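Asks: What follows is a predicted structure for the sequence shown.
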Protein chains: 4
Amino acid sequence: MKLTTIEIRKLLKQHPGWSVENGKLHRDYRFADFSQAIGFLTMAALKIEVLDHHPEWANVYNRVSVNCVTHDAGGITMKDFALAAVLDQVAKRCA
Amino acid sequence: MKLTTIEIRKLLKQHPGWSVENGKLHRDYRFADFSQAIGFLTMAALKIEVLDHHPEWANVYNRVSVNCVTHDAGGITMKDFALAAVLDQVAKRCA
Amino acid sequence: MKLTTIEIRKLLKQHPGWSVENGKLHRDYRFADFSQAIGFLTMAALKIEVLDHHPEWANVYNRVSVNCVTHDAGGITMKDFALAAVLDQVAKRCA
Amino acid sequence: MKLTTIEIRKLLKQHPGWSVENGKLHRDYRFADFSQAIGFLTMAALKIEVLDHHPEWANVYNRVSVNCVTHDAGGITMKDFALAAVLDQVAKRCA
(Lines give C-alpha, C1' and ligand atoms only; values in the text may rest on other atoms or scores of the structure.)
Protein backbone atom coordinates (compact mmCIF):
# COMPACT_ATOMS: atom_id res chain seq x y z
CA MET A 1 0.00 0.00 0.00
CA LYS A 2 1.25 3.43 -1.03
CA LEU A 3 2.69 5.37 1.89
CA THR A 4 1.56 8.92 2.67
CA THR A 5 3.93 11.88 2.53
CA ILE A 6 3.92 12.02 6.34
CA GLU A 7 4.74 8.32 6.66
CA ILE A 8 7.56 8.67 4.11
CA ARG A 9 9.00 11.69 5.93
CA LYS A 10 9.13 9.69 9.18
CA LEU A 11 10.74 6.65 7.53
CA LEU A 12 13.37 8.78 5.76
CA LYS A 13 14.72 9.79 9.18
CA GLN A 14 15.59 6.13 9.79
CA HIS A 15 17.22 5.81 6.36
CA PRO A 16 19.95 8.45 6.17
CA GLY A 17 21.28 9.06 2.65
CA TRP A 18 17.88 8.43 1.06
CA SER A 19 15.53 11.12 -0.31
CA VAL A 20 12.47 11.32 -2.53
CA GLU A 21 13.13 12.33 -6.14
CA ASN A 22 10.39 12.33 -8.78
CA GLY A 23 8.17 10.28 -6.49
CA LYS A 24 10.81 7.58 -5.97
CA LEU A 25 13.03 6.65 -3.04
CA HIS A 26 16.50 7.69 -4.17
CA ARG A 27 20.12 7.21 -3.13
CA ASP A 28 23.54 7.65 -4.75
CA TYR A 29 26.42 5.36 -3.76
CA ARG A 30 30.07 5.95 -4.53
CA PHE A 31 32.60 3.08 -4.44
CA ALA A 32 36.39 2.82 -4.73
CA ASP A 33 36.33 1.82 -8.38
CA PHE A 34 34.36 0.06 -11.14
CA SER A 35 35.06 -3.46 -9.85
CA GLN A 36 33.68 -2.57 -6.44
CA ALA A 37 30.57 -0.97 -7.94
CA ILE A 38 29.93 -4.13 -10.00
CA GLY A 39 30.61 -6.28 -6.94
CA PHE A 40 27.97 -4.25 -5.08
CA LEU A 41 25.45 -4.80 -7.89
CA THR A 42 26.11 -8.55 -7.81
CA MET A 43 25.93 -8.92 -4.03
CA ALA A 44 22.79 -6.80 -3.91
CA ALA A 45 21.23 -8.72 -6.84
CA LEU A 46 21.21 -11.95 -4.81
CA LYS A 47 19.34 -10.23 -1.96
CA ILE A 48 16.97 -8.52 -4.43
CA GLU A 49 16.09 -11.81 -6.14
CA VAL A 50 14.98 -13.19 -2.77
CA LEU A 51 12.98 -10.02 -1.94
CA ASP A 52 11.46 -10.21 -5.45
CA HIS A 53 11.25 -6.40 -5.54
CA HIS A 54 13.63 -4.82 -8.04
CA PRO A 55 15.18 -1.35 -8.04
CA GLU A 56 15.80 0.99 -10.95
CA TRP A 57 19.54 1.45 -10.74
CA ALA A 58 22.26 2.94 -12.87
CA ASN A 59 26.05 2.70 -12.87
CA VAL A 60 28.83 4.87 -14.22
CA TYR A 61 32.36 3.80 -13.26
CA ASN A 62 32.42 3.85 -9.41
CA ARG A 63 28.96 5.33 -8.91
CA VAL A 64 25.61 3.60 -8.50
CA SER A 65 22.36 5.54 -8.25
CA VAL A 66 19.18 3.80 -7.12
CA ASN A 67 15.48 4.57 -7.41
CA CYS A 68 12.91 2.44 -5.59
CA VAL A 69 9.19 2.60 -6.30
CA THR A 70 6.31 0.12 -6.27
CA HIS A 71 4.63 0.46 -9.66
CA ASP A 72 1.63 -1.71 -8.68
CA ALA A 73 0.87 0.64 -5.79
CA GLY A 74 1.56 3.81 -7.77
CA GLY A 75 4.08 5.12 -5.26
CA ILE A 76 6.55 4.37 -2.48
CA THR A 77 5.65 1.47 -0.18
CA MET A 78 7.22 -0.40 2.75
CA LYS A 79 8.74 -2.76 0.16
CA ASP A 80 10.84 0.13 -1.12
CA PHE A 81 12.10 0.95 2.35
CA ALA A 82 12.90 -2.73 2.94
CA LEU A 83 14.86 -2.74 -0.34
CA ALA A 84 16.64 0.47 0.70
CA ALA A 85 17.71 -1.13 3.99
CA VAL A 86 19.08 -4.21 2.20
CA LEU A 87 21.05 -2.09 -0.28
CA ASP A 88 22.53 -0.02 2.55
CA GLN A 89 23.57 -3.19 4.37
CA VAL A 90 25.30 -4.57 1.27
CA ALA A 91 26.92 -1.21 0.44
CA LYS A 92 28.34 -0.94 3.96
CA ARG A 93 30.19 -4.23 3.39
CA CYS A 94 31.78 -2.85 0.21
CA ALA A 95 32.83 0.48 1.69
CA MET B 1 38.80 12.16 -31.25
CA LYS B 2 35.15 13.15 -31.48
CA LEU B 3 33.43 11.68 -34.55
CA THR B 4 31.45 13.86 -36.95
CA THR B 5 27.73 13.36 -37.53
CA ILE B 6 28.48 11.85 -40.95
CA GLU B 7 31.03 9.40 -39.50
CA ILE B 8 28.57 8.39 -36.77
CA ARG B 9 25.77 7.85 -39.31
CA LYS B 10 28.01 5.48 -41.31
CA LEU B 11 29.12 3.55 -38.23
CA LEU B 12 25.55 3.18 -36.96
CA LYS B 13 24.74 1.12 -40.08
CA GLN B 14 27.30 -1.45 -38.88
CA HIS B 15 25.83 -1.46 -35.35
CA PRO B 16 22.14 -2.35 -35.67
CA GLY B 17 20.12 -1.65 -32.54
CA TRP B 18 22.19 1.42 -31.65
CA SER B 19 21.11 5.04 -32.08
CA VAL B 20 22.18 8.47 -30.91
CA GLU B 21 20.20 9.91 -28.00
CA ASN B 22 21.17 13.17 -26.30
CA GLY B 23 24.56 13.04 -27.97
CA LYS B 24 25.31 9.53 -26.70
CA LEU B 25 25.44 6.14 -28.39
CA HIS B 26 22.39 4.34 -27.04
CA ARG B 27 20.93 0.84 -26.93
CA ASP B 28 18.26 -0.99 -24.92
CA TYR B 29 18.66 -4.71 -24.19
CA ARG B 30 15.94 -7.01 -22.92
CA PHE B 31 16.80 -10.34 -21.25
CA ALA B 32 14.78 -13.33 -20.03
CA ASP B 33 14.77 -12.21 -16.40
CA PHE B 34 16.66 -10.31 -13.69
CA SER B 35 19.34 -12.97 -13.21
CA GLN B 36 20.19 -12.90 -16.89
CA ALA B 37 20.36 -9.10 -16.93
CA ILE B 38 22.75 -9.16 -13.95
CA GLY B 39 24.76 -11.94 -15.61
CA PHE B 40 25.08 -9.72 -18.69
CA LEU B 41 26.31 -6.79 -16.55
CA THR B 42 28.92 -9.04 -14.90
CA MET B 43 30.18 -10.64 -18.13
CA ALA B 44 30.32 -7.26 -19.83
CA ALA B 45 32.05 -5.68 -16.81
CA LEU B 46 35.08 -7.96 -17.25
CA LYS B 47 35.44 -6.89 -20.89
CA ILE B 48 34.87 -3.22 -19.97
CA GLU B 49 37.58 -3.30 -17.30
CA VAL B 50 40.08 -4.45 -19.95
CA LEU B 51 38.90 -1.78 -22.45
CA ASP B 52 39.12 0.78 -19.62
CA HIS B 53 36.20 2.70 -21.18
CA HIS B 54 33.03 2.58 -19.09
CA PRO B 55 29.40 2.93 -20.18
CA GLU B 56 26.55 4.71 -18.44
CA TRP B 57 24.10 1.85 -17.97
CA ALA B 58 20.89 1.28 -16.10
CA ASN B 59 18.92 -1.83 -15.14
CA VAL B 60 15.31 -2.48 -14.21
CA TYR B 61 14.36 -6.14 -13.83
CA ASN B 62 15.17 -7.78 -17.21
CA ARG B 63 16.08 -4.59 -19.06
CA VAL B 64 19.45 -2.89 -19.46
CA SER B 65 19.83 0.45 -21.24
CA VAL B 66 23.26 1.71 -22.21
CA ASN B 67 24.71 5.10 -23.12
CA CYS B 68 28.26 5.41 -24.44
CA VAL B 69 30.09 8.71 -24.71
CA THR B 70 33.69 9.85 -24.35
CA HIS B 71 33.61 12.73 -21.88
CA ASP B 72 37.25 13.72 -22.53
CA ALA B 73 36.49 14.17 -26.23
CA GLY B 74 33.14 15.90 -25.66
CA GLY B 75 31.25 13.44 -27.83
CA ILE B 76 31.06 10.01 -29.42
CA THR B 77 34.39 8.44 -30.43
CA MET B 78 35.62 5.15 -31.88
CA LYS B 79 36.05 3.96 -28.28
CA ASP B 80 32.28 4.14 -27.87
CA PHE B 81 31.68 2.08 -30.99
CA ALA B 82 34.27 -0.46 -29.78
CA LEU B 83 32.42 -0.66 -26.45
CA ALA B 84 29.10 -1.04 -28.30
CA ALA B 85 30.51 -3.98 -30.29
CA VAL B 86 31.76 -5.71 -27.13
CA LEU B 87 28.40 -5.27 -25.37
CA ASP B 88 26.55 -6.70 -28.38
CA GLN B 89 28.88 -9.70 -28.44
CA VAL B 90 28.29 -10.39 -24.74
CA ALA B 91 24.52 -9.82 -25.04
CA LYS B 92 24.29 -12.29 -27.93
CA ARG B 93 25.71 -14.97 -25.64
CA CYS B 94 23.01 -14.29 -23.04
CA ALA B 95 20.10 -14.24 -25.50
CA MET C 1 15.52 -37.63 1.97
CA LYS C 2 18.53 -39.45 0.58
CA LEU C 3 17.85 -41.10 -2.77
CA THR C 4 18.67 -44.77 -3.39
CA THR C 5 21.18 -45.85 -6.03
CA ILE C 6 18.32 -47.09 -8.21
CA GLU C 7 16.44 -43.78 -7.93
CA ILE C 8 19.61 -41.84 -8.75
CA ARG C 9 20.31 -44.03 -11.80
CA LYS C 10 16.80 -43.31 -13.15
CA LEU C 11 17.09 -39.56 -12.53
CA LEU C 12 20.52 -39.37 -14.17
CA LYS C 13 18.91 -40.46 -17.46
CA GLN C 14 16.84 -37.26 -17.36
CA HIS C 15 19.92 -35.15 -16.59
CA PRO C 16 22.45 -35.79 -19.37
CA GLY C 17 25.95 -34.55 -18.58
CA TRP C 18 25.61 -35.37 -14.89
CA SER C 19 27.21 -38.32 -13.11
CA VAL C 20 27.92 -39.44 -9.55
CA GLU C 21 31.47 -38.88 -8.33
CA ASN C 22 32.51 -39.53 -4.73
CA GLY C 23 28.86 -39.72 -3.72
CA LYS C 24 28.02 -36.32 -5.21
CA LEU C 25 26.09 -35.27 -8.31
CA HIS C 26 28.77 -33.95 -10.65
CA ARG C 27 29.04 -31.99 -13.89
CA ASP C 28 31.76 -30.07 -15.74
CA TYR C 29 30.86 -27.03 -17.84
CA ARG C 30 33.09 -25.36 -20.40
CA PHE C 31 32.45 -21.78 -21.53
CA ALA C 32 33.91 -19.50 -24.21
CA ASP C 33 36.20 -17.66 -21.80
CA PHE C 34 36.69 -16.47 -18.22
CA SER C 35 34.11 -13.67 -18.45
CA GLN C 36 31.45 -16.10 -19.57
CA ALA C 37 32.31 -18.56 -16.79
CA ILE C 38 32.01 -15.77 -14.20
CA GLY C 39 28.76 -14.60 -15.83
CA PHE C 40 27.43 -18.14 -15.43
CA LEU C 41 28.40 -18.20 -11.74
CA THR C 42 26.63 -14.87 -11.18
CA MET C 43 23.45 -15.78 -13.07
CA ALA C 44 23.31 -19.15 -11.34
CA ALA C 45 24.00 -17.57 -7.93
CA LEU C 46 20.75 -15.59 -8.10
CA LYS C 47 18.76 -18.77 -8.75
CA ILE C 48 20.70 -20.66 -6.06
CA GLU C 49 19.98 -17.98 -3.45
CA VAL C 50 16.26 -18.44 -4.07
CA LEU C 51 16.53 -22.28 -3.94
CA ASP C 52 18.59 -21.88 -0.74
CA HIS C 53 20.56 -25.01 -1.66
CA HIS C 54 24.19 -24.32 -2.54
CA PRO C 55 26.57 -26.29 -4.76
CA GLU C 56 30.26 -26.97 -4.28
CA TRP C 57 31.70 -25.44 -7.43
CA ALA C 58 35.12 -24.59 -8.77
CA ASN C 59 36.37 -22.42 -11.61
CA VAL C 60 39.57 -22.29 -13.63
CA TYR C 61 39.55 -19.89 -16.58
CA ASN C 62 36.62 -21.02 -18.81
CA ARG C 63 35.74 -24.16 -16.87
CA VAL C 64 33.30 -24.64 -14.00
CA SER C 65 32.93 -27.98 -12.22
CA VAL C 66 30.01 -28.59 -9.89
CA ASN C 67 29.27 -31.05 -7.10
CA CYS C 68 25.82 -31.23 -5.51
CA VAL C 69 25.09 -33.08 -2.31
CA THR C 70 22.74 -32.61 0.63
CA HIS C 71 24.91 -32.76 3.74
CA ASP C 72 21.93 -32.88 6.14
CA ALA C 73 20.64 -36.03 4.39
CA GLY C 74 24.06 -37.62 4.05
CA GLY C 75 23.72 -38.08 0.30
CA ILE C 76 22.09 -37.01 -2.95
CA THR C 77 18.47 -35.81 -2.70
CA MET C 78 15.82 -34.36 -5.02
CA LYS C 79 17.15 -30.92 -4.01
CA ASP C 80 20.41 -31.76 -5.76
CA PHE C 81 18.62 -32.79 -8.94
CA ALA C 82 16.54 -29.58 -8.80
CA LEU C 83 19.78 -27.59 -8.47
CA ALA C 84 21.30 -29.54 -11.38
CA ALA C 85 18.31 -28.65 -13.57
CA VAL C 86 18.58 -24.95 -12.71
CA LEU C 87 22.33 -24.89 -13.44
CA ASP C 88 21.77 -26.59 -16.82
CA GLN C 89 19.08 -24.05 -17.70
CA VAL C 90 21.38 -21.12 -16.87
CA ALA C 91 24.36 -22.73 -18.66
CA LYS C 92 22.29 -23.22 -21.81
CA ARG C 93 21.69 -19.48 -21.93
CA CYS C 94 25.45 -18.81 -21.77
CA ALA C 95 26.42 -21.38 -24.40
CA MET D 1 60.15 -17.89 -13.88
CA LYS D 2 59.53 -20.51 -11.22
CA LEU D 3 60.49 -19.32 -7.73
CA THR D 4 62.76 -21.37 -5.48
CA THR D 5 61.59 -22.76 -2.15
CA ILE D 6 63.71 -20.15 -0.36
CA GLU D 7 62.24 -17.29 -2.42
CA ILE D 8 58.71 -18.58 -1.76
CA ARG D 9 59.38 -18.86 1.99
CA LYS D 10 60.50 -15.21 2.08
CA LEU D 11 57.51 -13.99 0.06
CA LEU D 12 55.04 -15.93 2.21
CA LYS D 13 56.08 -13.78 5.19
CA GLN D 14 54.74 -10.75 3.32
CA HIS D 15 51.48 -12.54 2.47
CA PRO D 16 49.93 -13.66 5.76
CA GLY D 17 47.13 -16.21 5.34
CA TRP D 18 48.79 -17.84 2.33
CA SER D 19 50.63 -21.19 2.36
CA VAL D 20 51.92 -23.72 -0.15
CA GLU D 21 49.69 -26.77 -0.69
CA ASN D 22 50.43 -29.38 -3.35
CA GLY D 23 52.88 -27.01 -5.00
CA LYS D 24 50.35 -24.17 -5.26
CA LEU D 25 49.93 -20.90 -3.41
CA HIS D 26 46.83 -21.45 -1.27
CA ARG D 27 44.38 -19.43 0.82
CA ASP D 28 40.91 -19.95 2.27
CA TYR D 29 38.55 -16.99 2.67
CA ARG D 30 35.38 -16.95 4.73
CA PHE D 31 32.67 -14.33 4.10
CA ALA D 32 29.43 -13.35 5.84
CA ASP D 33 27.20 -15.32 3.48
CA PHE D 34 26.81 -16.67 -0.06
CA SER D 35 26.01 -13.27 -1.62
CA GLN D 36 29.21 -11.79 -0.21
CA ALA D 37 31.28 -14.73 -1.45
CA ILE D 38 29.82 -14.33 -4.96
CA GLY D 39 30.38 -10.56 -4.75
CA PHE D 40 34.03 -11.26 -3.92
CA LEU D 41 34.36 -13.58 -6.94
CA THR D 42 32.86 -10.92 -9.20
CA MET D 43 34.97 -8.02 -7.88
CA ALA D 44 38.10 -10.16 -8.04
CA ALA D 45 37.23 -11.41 -11.55
CA LEU D 46 37.48 -7.87 -12.95
CA LYS D 47 40.98 -7.46 -11.50
CA ILE D 48 41.98 -10.96 -12.65
CA GLU D 49 40.85 -10.27 -16.23
CA VAL D 50 43.21 -7.28 -16.32
CA LEU D 51 46.09 -9.29 -14.80
CA ASP D 52 45.34 -12.07 -17.31
CA HIS D 53 46.48 -14.65 -14.75
CA HIS D 54 43.65 -16.83 -13.46
CA PRO D 55 43.36 -18.69 -10.14
CA GLU D 56 41.90 -22.10 -9.44
CA TRP D 57 39.16 -21.25 -6.98
CA ALA D 58 36.24 -23.01 -5.40
CA ASN D 59 33.17 -21.84 -3.50
CA VAL D 60 30.81 -23.48 -1.04
CA TYR D 61 28.23 -21.15 0.55
CA ASN D 62 30.29 -18.42 2.33
CA ARG D 63 33.72 -19.96 1.72
CA VAL D 64 36.14 -19.43 -1.15
CA SER D 65 39.40 -21.38 -1.43
CA VAL D 66 42.05 -20.30 -3.89
CA ASN D 67 45.06 -22.00 -5.49
CA CYS D 68 47.52 -20.00 -7.59
CA VAL D 69 50.13 -21.61 -9.81
CA THR D 70 51.76 -20.75 -13.14
CA HIS D 71 51.32 -23.83 -15.32
CA ASP D 72 53.67 -22.52 -18.06
CA ALA D 73 56.47 -22.19 -15.51
CA GLY D 74 55.72 -25.47 -13.77
CA GLY D 75 55.44 -23.87 -10.36
CA ILE D 76 54.78 -20.75 -8.30
CA THR D 77 55.97 -17.45 -9.82
CA MET D 78 55.81 -13.74 -8.99
CA LYS D 79 52.56 -13.64 -11.01
CA ASP D 80 50.97 -15.88 -8.37
CA PHE D 81 52.08 -13.61 -5.55
CA ALA D 82 50.77 -10.58 -7.49
CA LEU D 83 47.43 -12.38 -7.87
CA ALA D 84 47.44 -13.26 -4.16
CA ALA D 85 47.95 -9.59 -3.26
CA VAL D 86 45.07 -8.48 -5.48
CA LEU D 87 42.72 -11.11 -4.02
CA ASP D 88 43.63 -10.04 -0.47
CA GLN D 89 42.95 -6.40 -1.36
CA VAL D 90 39.52 -7.25 -2.78
CA ALA D 91 38.68 -9.59 0.14
CA LYS D 92 39.54 -6.88 2.66
CA ARG D 93 36.87 -4.66 1.08
CA CYS D 94 34.26 -7.38 1.51
CA ALA D 95 35.13 -8.22 5.11
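Replies: Sure, I can see it.

Asks: Tell me which residues touch the spatially most central residue of chain A, please.
Replies: Nearest to the geometric centre of chain A sits residue A:84, at 3.9 Å (CA atoms, centre = their mean). With contacts defined as CB atoms under 8 Å, 6 or more residues apart in numbering or on different chains, residue A:84 is in contact with A:15, A:18, A:25, A:27, A:66, A:68. (Each C-beta comes from the backbone N, C-alpha and C, glycine too.)

Asks: In chain A, what residue lies closest to chain B?
Replies: Nearest residue of chain A to chain B: residue A:58, at 3.8 Å (CB to the nearest CB).

Asks: who does that residue bridge with?
Replies: residue A:65, residue B:58 (DSSP bridges).

Asks: Hmm, residue A:26 and residue A:76 touching each other?
Replies: No - contact criterion CB atoms under 8 Å: residue A:76 and residue A:26 do not qualify, at 10.1 Å.

Asks: partners of the helix or strand hosting residue A:20, with directions?
Replies: Taking DSSP states H and E as the definition, residue A:20 sits inside strand A:19-21. Using DSSP bridges, the strands paired with strand A:19-21 are strand A:24-30 (antiparallel).

Asks: Pull out the buried positions in the strand it pairs with.
Replies: By neighbour count with 16 or more other CB atoms under 10 Å in any protein chain shown, strand A:24-30 contains the buried residues A:24-27, A:29.

Asks: hang on, the residue nearest to the centre of chain A in a helix?
Replies: Yes - assessed by DSSP: H, G, I helix; E, B strand; the rest coil, residue A:84 belongs to a helix.

Asks: looking at it, residue A:79 is touching residue A:55, isn't it?
Replies: No - look at residue A:79 against residue A:55 with CB under 8 Å: they stay out of range, at 10.7 Å.

Asks: quick one: what helix or strand has residue A:6 in it?
Replies: helix A:5-13.

Asks: Just the residues contacting that helix, thanks.
Replies: With CB under 8 Å, 6+ apart as the test, helix A:5-13 has contacts from A:3, A:18-20, A:76, A:81.

Asks: and that helix with strand A:24-30, angle?
Replies: 20 degrees (axes from the mean of the first three to the mean of the last three CA atoms, to 10 degrees).

Asks: How far does helix A:5-13 sit from its chain's centre?
Replies: 15 Å (CA atoms, centre = their mean, to the nearest Å).

Asks: And stretch A:11-21, by the same measure?
Replies: The answer for stretch A:11-21 is 10 Å, by CA atoms, centre = their mean.

Asks: Now the contacts of helix A:5-13 in a markdown table, please, with extra columns for distance to residue B:90, neighbour count and pLDDT.
Replies: Shown next, in a markdown table, are the contacts of helix A:5-13 (distance: CB to CB, whole Å; neighbours: other CB atoms under 10 Å in any protein chain shown; pLDDT from 0 to 100):
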| residue | distance to residue B:90 | neighbour count | pLDDT |
| --- | --- | --- | --- |
| A:3 | 39 | 19 | 98 |
| A:18 | 32 | 23 | 98 |
| A:19 | 34 | 11 | 98 |
| A:20 | 35 | 16 | 98 |
| A:76 | 34 | 24 | 98 |
| A:81 | 34 | 20 | 98 |
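
Asks: ok, those vs chain C, which is closest?
Replies: Top of the list for closeness to chain C, among these and by CB to the nearest CB, is residue A:81 at 21.3 Å.

Asks: Out of the buried residues of strand A:24-30, which is nearest to chain D?
Replies: Comparing those against chain D with CB to the nearest CB places residue A:29 closest, at 13.7 Å.

Asks: Distance check, the closest one against residue B:55.
Replies: 18 Å (CB to CB, to the nearest Å).

Asks: Also residue A:65?
Replies: According to CB to CB, residue A:65 and residue B:55 sit 14 Å apart.

Asks: Show me which of these two is the more surrounded one.
Replies: A direct count of neighbours by other CB atoms under 10 Å in any protein chain shown for residue A:65 and residue B:55 places residue B:55 higher, at 26 against 17.

Asks: ok, that one touching residue B:48?
Replies: Yes - at 6.9 Å, residue B:55 counts as touching residue B:48 under the criterion of CB under 8 Å.

Asks: joint contacts of those two?
Replies: Shared contacts of residue B:55 and residue B:48 (CB under 8 Å, 6+ apart): residue B:83.

Asks: That's all I had, so thanks and see you.
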